[in-house]
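Enquirer: Take this sequence and fold it.
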Amino acid sequence: MTRLLAFLLLLAGPAQALSCLPPDAVRLYTQAAESEDLFAIFIGRLDPEIPIEVPEIPNDGTLHEDQEATTRTRLTGHLLGPDDFTRPVDQEIDVRVTCLSIWCGSPITDRDILGALRLTGDVPELEIGPCGSNAMVLEQADLDALLRCHRSGDCTVE
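Expert: The predicted structure follows:
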């Protein structure tokens with residue numbers, strides 16, 4: 001019975017990964033707005049001096065909960081304000097990469113991103129996980145939808 005239970009728990013991981021929602025700029029915006037934490041929405045680029053650390057997942061089949069790694073890096077770009085993305089930002093932030101079972105977030109450093117910085121700690125933090133990440137590749141359609149939501153309140157998630 002114990003082996004069967006362990007096997008079923010291992011199977012639950014892939015099913016859970018399939019339940020991840022695709023990245024959505026409007027969802028990111030509304031979740032940040034509705035959170036008890038304070039967030040700043042930004043567009044920009046991560047410019048790490050060292051590679052952003054991703055937790056190591058053991059090859060022995062051991063599953064760990066709450067795996068994460070934090071790397072201090074530079075963010076350059078613009079913050080969302082009342083007049084859209086007009087406030088420049090160039091500062092160090094913490095990028096926290098988290099894992100769910102054997103799947104970990106993938107930091108994006110080679111392209112512009114749209115993200116939500118958590119401002120509740122001493123240093124702004126960007127969480128990047130396998131599901132529900134606070135960052136996504138910046139695409140014009142996503143930016144247009146987020147700005148429509150910000151300007152008009154039309155925050156329909158498609």
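Enquirer: so where do the helices sit in the chain?
Expert: Along the chain, counting by DSSP state H, helices occupy 2-18, 25-34, 140-152.
Enquirer: Can you tell me what sits against the last one?
Expert: When you say that, I think you mean helix 140-152. 23-26, 28-30, 41, 43, 80, 84, 114, 136, 154-155, 158 (CB atoms under 8 Å, 6 or more residues apart in numbering). In this view, the C-beta of every residue, glycine as well, is placed from N, C-alpha and C.
Enquirer: Could you find the lowest-pLDDT member of these?
Expert: Lowest pLDDT among the contacts of helix 140-152: Glu158, with 69.
Enquirer: hey, least reliable of the helices of the chain by pLDDT?
Expert: When I compare the helices of the chain, helix 2-18 is least confident, with a mean of 35.
Enquirer: Any idea how far apart the tips of stretch 95-111 sit?
Expert: 16 Å (CA to CA, to the nearest Å).
Enquirer: Show me what it is in contact with.
Expert: Here stretch 95-111 has contacts from 13, 16-17, 45-48, 52-55, 57, 63-64, 66-73, 125-131, 133, 135, 137-138, using CB under 8 Å, 6+ apart.
Enquirer: how deep is Asn134 tucked in, by neighbour count?
Expert: 24 (other CB atoms under 10 Å).
Enquirer: how about the strands in the chain?
Expert: Counting by DSSP state E, the chain has strands at residues 39-47, 68-81, 84-100, 103-104, 113-118, 125-128, 135-137.
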